[in-house]
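Q: Whatever this is, show me its structure:
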Amino acid sequence: MEHLSSSPAIAGPTPNGIRVKHLSKRFGPQQILRDVNLEISHGEVVVALGPSGSGKTTLLRIIAGLEAPDEGEVHIRGSLATNLPPQQRGLGVVFQEHALFQRKTVEENIGFGLQMQGKSRDERQSAVSRLLTLTQLESHRKKYPSQLSGGQRQRVALARALAFEPEALLFDEAFSALDAITRVELRREVRAILRAMNVPALFITHDQEEALELADRIVVLNEGQIVQEGTPFEVYNHPCNEFVATFLGAANVLLGRWSQGKVTLGRLRLKATTNAPMLAERQAVKVVFRPEDVVLNFQPQLLDTPYYLGRAEVEDISYIGHSERLILRLLLWSPQGNEDDPEVHRLRNLALVDETYAEGFPIVITRNKWEATEMELSVGDAVVVGLKGYRLLPHYPLGVETGAKVFG
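A: Residues are numbered from 1 along each chain as shown. A predicted model of the protein is given here:
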């Protein structure tokens, strides 16, 4: 798997928010975190995204004080907090399992921490009323957790975490147990609350849509390292490697070679992008593009795109609510090619390894309903394919039997 070098070192603690420096953690022989550096500024929402086992939950638990790092430091509002117990870090944590007191009402659950802090009854009532309004729970204040929906219980957990005015909020897969509609509603509400409170927050999730909607900045982890970070737009549209491209949304990945300033894909030649990396002649490369970056037409001269990919045949059409999804077979040989040419047969016999990690020539595209209506297609139709843009990445084969060899 490709990686960036370890995340850049950060000099000196930040006066606001959270900063971790050179965090590493092992569990037995397994390295969970590798030299992780991360800063969350005051009022910023950062989402740590990655597959299971990438180290994202361990990162949160170290920040919260629930795990000790093997190496590295945690700073909260400019103060070293690495060895502080959780209750002295001033952090609010919201877990997937909200752990509410079942025999206490909503308002009692929210005010419990304030009571433990010795706040007066008037102070507790004022804070609880404000939080009930903020989380839209006023009409549920006398209810018990068993009388609430999953989304309402998670709102109570959030209000409880906000009650003591934490320095920052940490969310560990907080919405993953909720149904899809409730998840969408709640994350929008939580985003609005965080903006109103101006509290720094770290979300841990494996849900790409959740990350894109919530984050000011996305941090992508894989195998214990930060492989890329940036705004949602930057990470989605300019992935640093194939892992990021295919993990953060659907992506087509074609293997080819760099030759004389262009990309060769079988017998096709694709014009290079203006931001193409420095590449050696005949170097294996990956052409990465999103399904929505593809434009279709029946004639090449009618394509209004900067990059002409080639001709294709429609293999499958399905509908996913808001859009149409097509699978095309990109023809990497000349349509007038000799049928007895072994190169033609070799290219035609390529197999799709996986719909997302496309090491062959089938490609997935999506069109909105207006595009689908304007140019109606059926299985078997011949089309020409253009790209609005694509990402060109170097490919480093691990062995002889690679996609680069097939496309060479």
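
Q: Report the next helix or strand after whichever helix or strand Val227 is part of in sequence order.
A: According to DSSP states H and E, Val227 maps onto strand 225-230. Next helix or strand after strand 225-230 toward the C-terminus (DSSP H and E): helix 232-237.

Q: how distant is that next one from the center of its chain?
A: 9 Å (C-alpha atoms, centre = their mean, to the nearest Å).

Q: name the helices or strands packed onto it?
A: helix 208-214, strand 217-222 (3 or more C-beta pairs under 8 Å, 6 or more residues apart in numbering; DSSP states H and E). The C-beta positions use only the backbone N, C-alpha and C, and glycine is treated the same way.

Q: got the CA positions of that helix in CSV?
A: In CSV, the C-alpha atoms belonging to helix 232-237 read as follows (Å, rounded to 0.1, in the frame of the first residue of the first chain):
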residue,chain,number,x,y,z
PRO,A,232,-13.3,17.6,2.0
PHE,A,233,-13.0,19.1,-1.5
GLU,A,234,-9.2,18.6,-1.6
VAL,A,235,-9.2,15.0,-0.4
TYR,A,236,-12.1,13.9,-2.6
ASN,A,237,-11.0,15.6,-5.8
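
Q: Now it: buried residues?
A: If you call a residue buried by 16 or more other C-beta atoms under 10 Å, then helix 232-237 has these buried ones: Pro232, Val235, Tyr236, Asn237.

Q: helices and strands around the helix or strand containing Trp370, which ones?
A: Element membership of Trp370, judged by DSSP H and E, is helix 369-374. Applying 3+ C-beta pairs under 8 Å, 6+ apart, one finds that helix 369-374 contacts strand 323-330.

Q: The strand it packs on - which strands sit beside it in the sheet, and in what orientation?
A: strand 307-319 (antiparallel), strand 362-368 (antiparallel) (DSSP bridges).

Q: chain center to the helix holding Trp370, what's the gap?
A: That offset, for helix 369-374, works out to 28 Å (C-alpha atoms, centre = their mean).

Q: send the alpha carbons of it over as PDB?
A: Taking Å, rounded to 0.1, in the frame of the first residue of the first chain, the C-alpha atoms of helix 369-374 are listed here in PDB:
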ATOM      1  CA  LYS A 369     -31.800  12.400 -14.300                       C
ATOM      2  CA  TRP A 370     -31.400  15.400 -16.700                       C
ATOM      3  CA  GLU A 371     -28.400  13.900 -18.400                       C
ATOM      4  CA  ALA A 372     -30.000  10.500 -18.500                       C
ATOM      5  CA  THR A 373     -33.200  12.000 -20.100                       C
ATOM      6  CA  GLU A 374     -31.300  14.100 -22.600                       C
END
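
Q: List the contacts of that helix.
A: His322, Ser323, Glu324 (C-beta atoms under 8 Å, 6 or more residues apart in numbering).

Q: so what pLDDT did the second one get?
A: What that stands for is Ser323. The confidence metric pLDDT takes the value 92 at Ser323.

Q: If any of the contacts of helix 369-374 are buried, give me the ChimeraX selection for them.
A: Applying 16+ other C-beta under 10 Å to the contacts of helix 369-374, the buried members can be selected in ChimeraX as follows:
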select :323,324
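
Q: hang on, the earlier thing: want to try a markdown table for the buried residues of helix 232-237, with pLDDT and distance to His98 as columns?
A: Converted to a markdown table, those look like this (pLDDT from 0 to 100; distance: C-beta to C-beta, whole Å):
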| residue | pLDDT | distance to His98 |
| --- | --- | --- |
| Pro232 | 95 | 27 |
| Val235 | 94 | 29 |
| Tyr236 | 93 | 30 |
| Asn237 | 91 | 35 |
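
Q: Now flag whichever of the residues you listed is closest to Thr182.
A: Pro232 (22.0 Å; C-beta to C-beta).

Q: Could I get the contacting residues of that closest one?
A: Ala211, Leu212, Ala215, Ile218.

Q: Show me what Gly230 is bridged to.
A: The residues that Gly230 bridges to, once DSSP bridges is applied, are Ile218.

Q: could you list every residue that touches it?
A: Arg217, Ile218, His238.

Q: Can you tell me how far it is from Phe101?
A: According to C-beta to C-beta, to the nearest Å, Gly230 stands 40 Å off from Phe101.

Q: ditto for Glu138
A: In terms of C-beta to C-beta, Glu138 sits 20 Å off from Phe101.

Q: ok, now Ala201?
A: 24 Å.

Q: If you count surrounding residues, which of those two has more?
A: Taking neighbours as other C-beta atoms under 10 Å, Ala201 and Phe101 compare with Ala201 leading, 27 against 12.

Q: So that one is in contact with Pro166, correct?
A: No: contact criterion C-beta atoms under 8 Å: Ala201 and Pro166 do not qualify, at 9.7 Å.

Q: Centre of the chain to stretch 184-202, how far?
A: Counting by C-alpha atoms, centre = their mean, stretch 184-202 comes out at 18 Å from the chain centroid.

Q: oh sorry, the question was meant for stretch 53-60
A: That offset, for stretch 53-60, works out to 14 Å (C-alpha atoms, centre = their mean).

Q: mind listing what's buried in it?
A: In stretch 53-60, counting by 16+ other C-beta under 10 Å, buried: Ser54, Gly55, Lys56, Thr57, Thr58, Leu59, Leu60.

Q: hmm, who's touching it?
A: Contacts of stretch 53-60 (C-beta under 8 Å, 6+ apart): 20, 23, 25, 32-34, 36, 38, 48-50, 67, 93, 170, 172-173, 202, 204, 221-225.

Q: if you look at these, which of them are in strands?
A: 20, 23, 25, 32-34, 36, 38, 48-49, 93, 170, 172, 202, 204, 221-222, 225 (DSSP state E).

Q: Report the buried members of the residues you listed.
A: Buried among those by 16+ other C-beta under 10 Å: 20, 23, 25, 32-34, 36, 38, 48-49, 93, 170, 172, 202, 204, 221-222, 225.
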